[in-house]
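In: Sharing a model prediction with you, sequence too.
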Amino acid sequence: MAQYRRGLRLIRTKPEESRYDFTLYLRHFFRHPSMGGGLSKRDFTTVEYMMRRADKMLQDIFANPSARRVRLGAGVLDEMHKLGLAHRRRTSSS
């Protein structure tokens, strides 16, 4: 959970127009079944591997100031819509 929160905080440093894409990428990485979402808590080896992989991804993509845009393929977006992971957050009009 700490890595996911760290990723959400790092998204705030990205340009406004690309934050949604970064959010989808983060959701896909942490929640999609093909990327390790739904792992058993007792599968220690895989969990440790995914934690190292998430650290590297956060460092290379999210913490890198030159990374301004990220995109997922259309097939991945369709899968995320089916899983309910690709939806826009509602914003309140002030």
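Out: Received it, and whenever you're ready, just let me know what you need.
In: Show me the shaky parts of the protein.
Out: Where the chain drops to pLDDT under 70, the residues are 32-38, 85, 87-94.
In: can you give me the helices for it?
Out: 2-11, 19-31, 44-57, 74-83 (DSSP state H).
In: Export the ones you listed as a markdown table, with columns for distance to residue 63 and mean neighbour count.
Out: Glycine gets a C-beta too; all of them are placed from N, C-alpha and C. Rendered in a markdown table, the data for the helices of the chain read as follows (distance: least, C-beta to C-beta, whole Å; neighbours: other C-beta atoms under 10 Å):
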| stretch | distance to residue 63 | mean neighbour count |
| --- | --- | --- |
| helix 2-11 | 6 | 15 |
| helix 19-31 | 12 | 19 |
| helix 44-57 | 10 | 13 |
| helix 74-83 | 23 | 13 |
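In: mind checking which of the ones you listed is nearest residue 65?
Out: Ranking the helices of the chain by proximity to residue 65 (C-beta to C-beta) places helix 2-11 first, at 10.2 Å.
In: Tell me which residues touch the residue nearest the centre of the chain, please.
Out: Geometric centre of the chain, nearest residue: residue 26, 0.5 Å, by C-alpha atoms, centre = their mean. Residue 26 makes contacts with 4, 7-8, 11, 62, as judged by C-beta atoms under 8 Å, 6 or more residues apart in numbering.
In: Of the residues you listed, just say which sits nearest to residue 77.
Out: For the contacts of residue 26, the nearest to residue 77 is residue 11 (17.7 Å; C-beta to C-beta).
In: residues touching the spatially closest residue to the closest one that is not a sequence neighbour, list them.
Out: Excluding the flanking residues, the one nearest residue 11 by C-beta to C-beta, 6 or more residues apart in numbering is residue 22, at 4.7 Å. Going by C-beta under 8 Å, 6+ apart, residue 22 touches 11, 14, 62, 70.
In: Can you tell me which of those are buried?
Out: Buried members of the contacts of residue 22, scored by 16 or more other C-beta atoms under 10 Å, are 11, 14, 62.
In: Right, I'll call it a day here.
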